Each structure stands twice: as structure tokens, then as C-alpha cells.
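How does the following fold in three dimensions:
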Amino acid sequence: MVVMSSEEFAPPKYAQIVQTIRQKIADGTYPPGSLLPSETQLVRDFKVSRPTVVRALQVLQLRGVIEREHGKGSFVKAAPPGASSQNPRPGRAVLDRVEADENSTVIDAGSLAASAAVAKLLDVPEGSTVVRRRVLFRDDERPTDLFTVWCPVHQAEGTQLGEAQPLTAGIREHLRASKGLNLQHVVERLSARHPSTDEAKLMEIRKSAPVLGVLASVFNGGGRPVLVVDLVLPGDLHELEDSYSL
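Residues are numbered from 1 along each chain as shown. Just a heads-up that it's a prediction; the model follows:
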């Protein structure tokens, strides 16, 4: 009989941080609206690397538990966890991520012809020029998610979406600051699937491994599609949860 140590069943380090912070929110240590300890302090407290802490905070944001504000920190959502406003919003969360603050690599960024699927979602003719941006995020152990965004070329003009350096603001804030463009509405589609050959290679997973795909159409205040977002999450690293009354 092989006896396995408890360490073999331990969740990843970032997941342990997520669990601890959620417990402290639940017991009132971090009340609604409060500022969480800084990333530097969390690195010290948990004795982990900064990418691991950033990964944990991104998961909490994706699950709707906290809000992250560039230059200010991470705040506990005003409503208690479990309320309807705490439902996960992956599309919104990824639009607020700051690439320069995370362990990210811009895989490619530039113009190309829109495929039929992307053209339909952006409501532009097939073959129209669009700007595509692909970014791979990692923690200190492995890739954690692959983010791709498409934008009509006229919307991307005057922005850095087509440039190779990491953005120093979230895409939503970057578009507002550079174009005066306010993103107002998101329609998300979630699916469980296998990765493409390219996705599997970039994310260092098997072609047969399950991934969670989040495809989001992002609209401006006039109801016009501005962005298409594709987020690929390894199934063994992510879970989405929801709470609602019956």
C-alpha cells in the first residue's frame, strides 16, 4: 500500500491564498469595502512569489469577490460574497487586468483580416481589417490563461492594442483614456472544450486536457460591438461559481 503525504493533495499555492482571503472576508477580518493588504505584504505573509499573489487576486476578481484598482490596490466588494452582484464576470475581469502588473507575455499584436466568426461578432464584413492582441499570463509555476482580443481597426487607432509591449492600464481604462470610449455591456458565452493545437502548446497542456473557454462580445453605450474577447482557462486551475436565490 502506498501512503501519500498530505502535500500531494494540497491545492496550488495561489488557491490556498484564495481560500484564506475568502475565509477572512467571511469572518469579517476584511469587511466589505475594505482594502486588502498590499501585494508586497501578501508575498511576505504567505512566503510566495509575487506572481502567485497576483494570480490569487486575479482569481478573486474573476469570481467577483474583490475589485482591483490600478495604483490603489484590491478592495472587498461592497456586497457580501454570495449576493447576486458577486456572480463571476470573467469578461469584465479580464478587461480590467493590467498586463504590466502581472507576469504576462504579449504573444502577438497587430492587424489581420477578420475571420467569418470574428466578423460576425464585431458586425463588420468578413475579411475586414481588425487588430488582434494575444497575451499569455503565468504564475510562478505554469501558464494560467490565454487572452485574445479583436477590435475593428478604426477603434484601435490611437491605442496601444496593436503594440507588443504590455499595457500599463486595463483595456477598459486604456480605451476610455485614449479614445474617450466607454464600454457598457458584455455578452459572455462559456464552454468546456479541448484546446486547439496552438493553445495547448502555448499553455503547456495536453491536447486532450479540458479548458474553459469564455467568449465575450463587448459593446459601447450605443449598443455597437467594440471588442471580441476570447479567454482560455486550463480546467485544472479554474472554476467558476455562482450564487442566487430560488
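
What are the buried residues along the helix or strand hosting Val187?
Using DSSP states H and E, Val187 sits in strand 183-193. Using 16 or more other Cβ atoms under 10 Å as the test for burial, strand 183-193 gives 183, 186, 188. Every C-beta, even on glycine, is put in place using the N, C-alpha and C of the backbone.

can you check stretch 66-78 too?
66-68, 74-77.

Can you read off the pLDDT for the most centrally placed residue in the chain?
The chain has Val94 as the residue nearest its centroid, 3.3 Å off, counting by Cα atoms, centre = their mean. Per-residue confidence at Val94 stands at 83 (pLDDT).

One more: Asp242?
For Asp242, the model assigns a pLDDT of 53.

ok so, going back, residues in contact with the residue nearest to the centre of the chain?
Listed by Cβ atoms under 8 Å, 6 or more residues apart in numbering, the contact set of Val94 reads 62, 147, 214, 229, 231.

The helix or strand hosting it: what's the following helix or strand?
Using DSSP H and E, Val94 sits in helix 90-95. Next helix or strand after helix 90-95 toward the C-terminus (DSSP H and E): strand 104-113.

which of the residues in that following strand are buried?
104, 107, 109.

so how far is Ile205 from the last one?
Right, Ala109. 23 Å (Cβ to Cβ, to the nearest Å).

do the second one as well
Separation of Ile107 from Ile205 (Cβ to Cβ): 16 Å.

how distant is the lowest-mean-pLDDT helix or strand in the chain from the center of its chain?
Scoring the helices and strands of the chain by mean pLDDT, DSSP states H and E places helix 90-95 at the bottom, with a mean of 80. Centroid displacement of helix 90-95 relative to its chain, using Cα atoms, centre = their mean, to the nearest Å, is 5 Å.
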